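Asker: coordinates only, sequence not included:
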């Protein structure tokens, strides 16, 4: 036990899954025993009322059953319990219980038991008041200076103070400018009620002013009635504290001097009767409850403040005198007297942990054992020190956290795609308008070589593809065990995907020796794999088309092969057609068609389609299958090249379309914001009219509200449709970008590292957002390459780029940079991240190549309808020589 922990004197747990708040705890001699011993009264939101008479419990013993004097379940939730002189004709203490719509006053009495089980206690209902308004909290006291009895004031949720003179209802008054209820307290010295309003102000109202103010039940009044029935409710004093209050307490330990304590969210205030600040304390924690409990020195007051760090602090005015640790976060704290022990701290948590404790320290009784006197063996100590240092070095290496035997992959995940489409499609909620949307089964196996804890499998495919289930949670895997799951992949969105690949990732933890005996869960690890989906998942065979808007020709250095021979698993051609099948037609599920033509004489293959983005998947599949075909024939020098023009103009049209939809999304957002502001303003006007005591015509505000609401709904629908169109445009743009990257790599014969730089430059985002879009990200990346590895001079390298990425006004700069990027690659530029400028310049301008002026190109804009054409540097030199 820590030195400054609260000493547990008595504790118990109330019920199961019950909730409590600051008003649910009260301590008093509720049964009028006259012994001066307090009882603990607790009410819960579940309607249970409990009264305890705690007795000291030895450590390890359980609470005795006779400590619970009474437990009864009432019909409604209990908001607050208080003890006072609430019954006329007697000065005995009675229990007041506040429900949402009822106030009940009970008498608690005990009878001597005839058996060993102890005394018997019971409650008797003295009277009750049915409330017309939902209650929030209450306070009590000798309102108006009455002697020998207490009156009750209840604050409702809508700001009405309802005053009860014991068995009868007195009057009700509405607080001015009310929005939300705050804590409420009564000061007997000034005969006033003190609360904190929603304006973060401490407000005081005299009881006499409340009594003579206008009745809250009178809604329609004339000027004559106002003069005759009373006056408007006026506040006595106001103090702005600048924050919401958690609780208010009024104490008076000295005759003639009282103080108002206010516990804020970050500050603790002590006020005089007239609202002036005596002192305040800024708290460096979040408080939960408080109570001023005594004055041990003239002119000072001691206060207990509990916080959400499970601490209970004792302050003498603003000076911290003691801090003690509690086992739970208290929501209410009281100070009580039990038997011969005075000043016991009673705390209650929101989940029902009731504890009686006292302050003190636990002295350490541990005594170190005597050390046996023996000679020191320095050789053994040195050997042990070296062994320990070796263990420390091994443990501090990030890459060597695991022992040597566990460095290998502990968990292996594999994915197997079914060779056939599903006989019965598993596609659900697909937006594709085709007659049938196929699906294909993927079998994923997780094999564990070590003990793996909390393994979670996540399967991800890029939209518009989707899976039937993307998350799997397994039990802990034992060594040499495995788990297998089966799922289906299908096309969900109504557009052609840019990639036919998926990823599987398994996250798990490996237990260590430290995790077995501590709170450390283990070493986190991740295993992943990828899988490729067949092309026929998104398209089906169709008749080849001779005419097309976009055509690409891929050259090879090997004799042509028929389409049937190039595909080891061809699902589009009947094998009986044989060598006659040199043309293939593909129709995507979205409706577009693409044709593949193989030349019989030349070493060329042509892909053509009406849409530029539809060429990507077919071109990628063609090059992949050609490489596999010649690899099986042990042909190592096979290569594909591209000598045509890069279709930049068509590519720029896709960029403009995507950027236009982004601009539309921004306009929809601004319009929605304007209409929402207008809608809220009309609502405030209507609310003011409805709350006005004097009815006034609405002046067509309801019609304006309905029209604004319809505009908001129409704008939201249009923004949602634009978002769907922008997603499709971004998917098309990614497909076209993949195609441009492939054509540039085949055109310039780029290495794998250079292709990786191209992909990182033109495909930096997997998802497009308004905050960070594709255009500004690619523009920054291309600009960086133009000023580094593709720079023409040191002057360009000295230029600085902007540190902020923001949405551009148009795409002219981006298209200009992409055009310049391709031009510099055509002149011999090479992509590299080398920091050596000399090597960089030598790589950019090979020997014997003169610098070609680019001033005309940089100032030139792309003319609509024209096609930008770039040929290899080798071809340019040949044409010049001719």
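Answerer: Done, it's in. From a predicted model like this one, the values you see are computed outputs, not experimental measurements.

Asker: now the strands for the stretch 551-700 of the chain?
Answerer: Using DSSP state E, counting those that start in this stretch, the strands of the stretch 551-700 of the chain run over residues 583-588, 593-598, 604-609, 640-641.

Asker: what mean pLDDT does the second one have?
Answerer: Confidence over strand 593-598 (mean pLDDT, whole number) is 86.

Asker: now do it against strand 583-588, angle only.
Answerer: On the basis of axes from the mean of the first three to the mean of the last three Cα atoms, to 10 degrees, strand 593-598 is oriented at 160 degrees to strand 583-588.

Asker: switch the strands of the stretch 551-700 of the chain over to TSV; also include mean neighbour count.
Answerer: C-beta here means a position set from N, CA and C on the backbone, and glycine is covered the same way. TSV is the format used below for those (neighbours: other Cβ atoms under 10 Å):
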stretch	mean neighbour count
strand 583-588	20
strand 593-598	21
strand 604-609	21
strand 640-641	17
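
Asker: out of those strands, flag the one nearest residue 211.
Answerer: strand 583-588 (82.1 Å; Cβ to Cβ).

Asker: and the closest one, what other elements does it pack with?
Answerer: Contacts defined by 3 or more Cβ pairs under 8 Å, 6 or more residues apart in numbering; DSSP states H and E place strand 583-588 against strand 539-542, strand 593-598.

Asker: partners of the shortest one in the sheet?
Answerer: Spelled out, that is strand 539-542. strand 583-588 (antiparallel) (DSSP bridges).

Asker: distance from the chain centre to the partner strand, please.
Answerer: Here strand 583-588 is found 46 Å from its chain centre; the criterion is Cα atoms, centre = their mean, to the nearest Å.

Asker: would you mind giving the helices and strands packed on strand 583-588 as CSV with distance to residue 333 added?
Answerer: As requested, the helices and strands packed on strand 583-588 are arranged in CSV below (distance: least, Cβ to Cβ, whole Å):
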stretch, distance to residue 333
strand 539-542, 71
strand 593-598, 75
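
Asker: and of those strands, who's closest to residue 759?
Answerer: Across the helices and strands packed on strand 583-588 (criterion: Cβ to Cβ), the nearest stretch is strand 593-598, sitting at 22.8 Å.

Asker: can you report how many residues lie near residue 493?
Answerer: Other residues near residue 493 come to 18 when the count uses other Cβ atoms under 10 Å.

Asker: try residue 751
Answerer: Residue 751 is flanked by 12 other residues according to other Cβ under 10 Å.

Asker: how about the contacts made by the closest residue in space to residue 19 that isn't next to it in sequence?
Answerer: The shortest distance from residue 19 to any non-neighbouring residue, by Cβ to Cβ, 6 or more residues apart in numbering, is to residue 45 (4.4 Å). Applying Cβ atoms under 8 Å, 6 or more residues apart in numbering, we find residue 45 in contact with 18, 19, 20, 21, 24, 77, 78, 79.

Asker: coming back round to it: just tell me which of the helices and strands packed on strand 583-588 ends up closest to residue 63.
Answerer: strand 539-542 (73.9 Å).

Asker: average model confidence for the closest one?
Answerer: 85.

Asker: got the buried residues for it?
Answerer: 539, 540 (16 or more other Cβ atoms under 10 Å).

Asker: for stretch 147-166, same thing?
Answerer: 149-156, 159-164, 166.

Asker: which stretch of helix or strand covers residue 527?
Answerer: strand 523-532 (DSSP states H and E).

Asker: show me the helices in the stretch 601-750 of the chain, by range?
Answerer: 615-632, 648-691, 701-748 (DSSP state H, counting those that start in this stretch).

Asker: next one: the stretch 151-300 of the chain
Answerer: 207-212, 223-229.

Asker: lowest average pLDDT across those?
Answerer: helix 223-229 (a mean of 39).

Asker: so which residues make contact with stretch 64-80?
Answerer: Identification of contacts with stretch 64-80 by Cβ under 8 Å, 6+ apart yields 10, 12, 21, 23-24, 31, 39, 43-55, 57, 97-102, 104, 108, 110, 117-119, 121-123, 135-138.

Asker: now do the same end-to-end measure for that stretch.
Answerer: 26 Å (Cα to Cα, to the nearest Å).

Asker: buried set for it?
Answerer: Those would be 68, 69, 70, 74, 77, 78, 79, 80, for stretch 64-80 by 16+ other Cβ under 10 Å.

Asker: what mean pLDDT does it have?
Answerer: So the average pLDDT for stretch 64-80 ends up being 88.

Asker: again with stretch 670-678
Answerer: 92.

Asker: before we move on, what about stretch 755-763?
Answerer: Confidence over stretch 755-763, taken as the mean pLDDT, stands at 88.

Asker: picking that back up, quick one: the strand holding residue 527 to chain centroid distance?
Answerer: On Cα atoms, centre = their mean, the centre of strand 523-532 falls 25 Å from that of its chain.

Asker: please shift the residue numbers so they start at 45 in all later answers.
Answerer: Taking 45 as the first residue, the last one we looked at is strand 567-576.

Asker: so what pLDDT did residue 884 get?
Answerer: Here the pLDDT value assigned to residue 884 is 40.
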